[in-house]
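Q: Just the structure for this:
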Amino acid sequence: MDPTLRFSILLFLLGFAYVSVNAAPFKNDYGHCERVVKGWAFSSLKQQVKEDKHTLRDLLFFLHVPRTGGRTYFHCFLRKLYYSSLECPRSYDKLRFDPRKKQCRLLVTHDDYSMMSKLPRERTSVVTILRDPVDRVFSSYEFSVEVGARFLVHPNLTSATQMARRLRLKTKGVSTLDIWPWKYLVPWMREDLFARREGRKLSGTFDVQSDDPYNMEEIVMPLHEYINHPIAQDIVHNGATFQVAGLTNNSYQPDSHEVRHCVQKYKLLGEYVLQVAKKRLDDMLYVGLTEEHRESATMFANVVGAQVISQLRGSNSSGEINAANDKSEQSYPVSDSKPNNDDLQSSTPDGKESEIASSETGGAVKENMTVGDLMEAYEDCISSLRKAQTRRRTSSLKRISPANFTKEARLQVSEVVLEQIRQFNHLDLELYKYAKDIFAKQHKHAVQTFGSSVSLLIPGLTIP
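A: Residues are numbered from 1 along each chain as shown. All right, here's what the predicted structure looks like:
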């Protein structure tokens, strides 16, 4: 045989063998992932559904998806309804959840749905709020930058982290850096902000080439870089779906990380996770929408608030609540009542924003409060809370001027970046559409249950 031909055949055979050997792992890897994801989904979907999901159970679990407005509900609704003695020891202001607390009636946390494994499922009602996924990515980016920028009062990153560590040891409240997902996103952004500031100093160049605050790379990580980073890929994108499904990197389920990584690697497998997340929304007592703020708040007051008031009245009449309050160590410490504890209280102009807001948002309602009274208290509370948040945000963003995030500035973001966000959040987009349908059904049920007064409180919402 011709030597050249023989060599060519040998190369072909070697190449074929290489492809065959290396193709097998890829095939097996997908097959393994498919079995893992399907197994998890089957186990999740077969869980028993409550007979009447519309009735509030003994424990209310507020599954707070970040940047949906849930913290407003926490301060302006739930703390108006529940006494501190009834709050589970893991509601932002506590670091450890202890399911042994018998009087535990309210749990508000960024923990995902896997928290249900620690709760009495048959006695627990779940509520949540979802937001348009594109807007939620914008808000997550902006908040990461805002909180990271608070540390720029320090001369360098080392000084900032040391001071933050000392303050966290001294204070009783919980820092933003203790809360998922900010305990990952903020340190990442903080380090990047200091690196870019140091780069400007070393180069002696302080000019900003762009007028788009989402693309000022000299000052802050551009949005397009943020959404493509592995940290954002793992924590931010499709975050609502993974949280409702119980599959975040903060999950209590032992197989959650493998399932999540399989879904992130093989997009096709995401459909199984989406079906689980949809079922869990179906089983919830209430699903709100950030974009329908007024309507969602009114619905919450009628669907959830009214039942909480009725439930607590019954407990008060039996002396259960009073006994719990007598045994309670004390009310919330001042630091625990602040709408947003951060590591740099003095970084605001007067250092009093949180105190002002807390004075307006603390305290439970009177026993004879009606749903109308609750809504009135809510409106007063959010007004104060938003003013404090605006002052804090303005003070923080001054440190990265001229970058200033606004709704108008978002319009400058290119369609290419927006389409990337949509592609990265395809599961969240589908889940959000599903949530809107659930919201409409909730309204219909609320009108049937509570009467036409609900529809009058929710203008512009049609009944399907």
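
Q: so where do the helices sit in the stretch 201-350 of the chain?
A: 223-228, 230-235, 239-245, 256-265, 270-282, 293-300, 306-317, 320-327 (DSSP state H, counting those that start in this stretch).

Q: Tell me which of the ones you listed sits nearest to Asp52.
A: Across the helices of the stretch 201-350 of the chain, Asp52 has its closest neighbour in helix 306-317 (11.7 Å, CB to CB). For glycine as for every other residue, the C-beta is placed from the backbone atoms N, C-alpha and C.

Q: Now do the buried residues in the closest one.
A: For helix 306-317, the neighbour count (16 or more other CB atoms under 10 Å) marks 306-309, 311-312, 315 as buried.

Q: Which secondary structure element of this protein has the lowest mean pLDDT?
A: helix 353-361 (a mean of 38; mean pLDDT, DSSP states H and E).

Q: What's the first helix or strand after that one?
A: helix 371-397 (DSSP states H and E).

Q: Return the helix or strand that that next one is followed by as CSV; C-alpha atoms alone will do.
A: Next helix or strand after helix 371-397 toward the C-terminus (DSSP H and E): helix 407-410. What follows is helix 407-410, C-alpha atoms only, in CSV (Å, rounded to 0.1, in the frame of the first residue of the first chain):
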residue,chain,number,x,y,z
LYS,A,407,-35.8,54.9,34.0
GLU,A,408,-34.9,57.4,31.2
ALA,A,409,-31.3,56.3,31.2
ARG,A,410,-32.4,52.7,30.7
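
Q: List the buried residues in helix 407-410.
A: 409-410.

Q: What are the buried residues along the helix or strand following it?
A: On the C-terminal side of helix 407-410, the nearest following helix or strand under DSSP H and E is helix 415-424. Across helix 415-424, burial judged by 16+ other CB under 10 Å covers 417, 420-421, 424.

Q: mind checking how far helix 415-424 is from the chain centre?
A: Centroid separation for helix 415-424 versus its chain: 20 Å, with CA atoms, centre = their mean, to the nearest Å.

Q: Closest to Arg392 out of the buried residues of helix 306-317?
A: Using CB to CB, these come closest to Arg392 at Val308, 29.5 Å.

Q: any idea how far that closest one is from Glu191?
A: 42 Å (CB to CB, to the nearest Å).

Q: Kindly report the same for His224.
A: In terms of CB to CB, His224 sits 19 Å off from Glu191.

Q: do the same with Tyr226
A: Counting by CB to CB - Tyr226 and Glu191 are separated by 13 Å.

Q: Between the two, which has more neighbouring residues?
A: Between Tyr226 and Glu191, counted using other CB atoms under 10 Å, the more crowded position is Tyr226 (23 against 15).

Q: can I assume that one is in contact with Phe138?
A: No. Assessed by CB atoms under 8 Å, Tyr226 is found out of contact with Phe138, at 10.2 Å.

Q: Tell me where the stretch 1-150 of the chain has helices.
A: 3-45, 70-73, 79-81, 133-149.

Q: Only alpha carbons, please: show the second one as CSV.
A: To tie it back to what came earlier, the one meant is helix 70-73. Output of helix 70-73 as CSV, limited to C-alpha atoms (Å, rounded to 0.1, in the frame of the first residue of the first chain):
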residue,chain,number,x,y,z
GLY,A,70,-41.1,42.6,48.8
ARG,A,71,-39.2,44.6,51.5
THR,A,72,-41.9,47.2,51.3
TYR,A,73,-44.5,44.6,52.0
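
Q: What is it packed up against?
A: Here helix 70-73 touches strand 124-130, going by 3 or more CB pairs under 8 Å, 6 or more residues apart in numbering; DSSP states H and E.

Q: For the strand it packs on, which outside residues touch it?
A: Contact with strand 124-130 is made by 53, 55-65, 68-70, 73, 113, 116, 240, 244, 280-281, 283-290, 296, 300, 304, 431-432, 435, as judged by CB atoms under 8 Å, 6 or more residues apart in numbering.

Q: how much does it deviate in direction from helix 293-300?
A: 170 degrees (axes from the mean of the first three to the mean of the last three CA atoms, to 10 degrees).

Q: got the buried residues for strand 124-130?
A: Buried-residue list, strand 124-130, by 16+ other CB under 10 Å: 124-130.

Q: Neighbouring strands of it in the sheet, and parallel or not?
A: strand 59-63 (parallel), strand 286-289 (parallel) (DSSP bridges).
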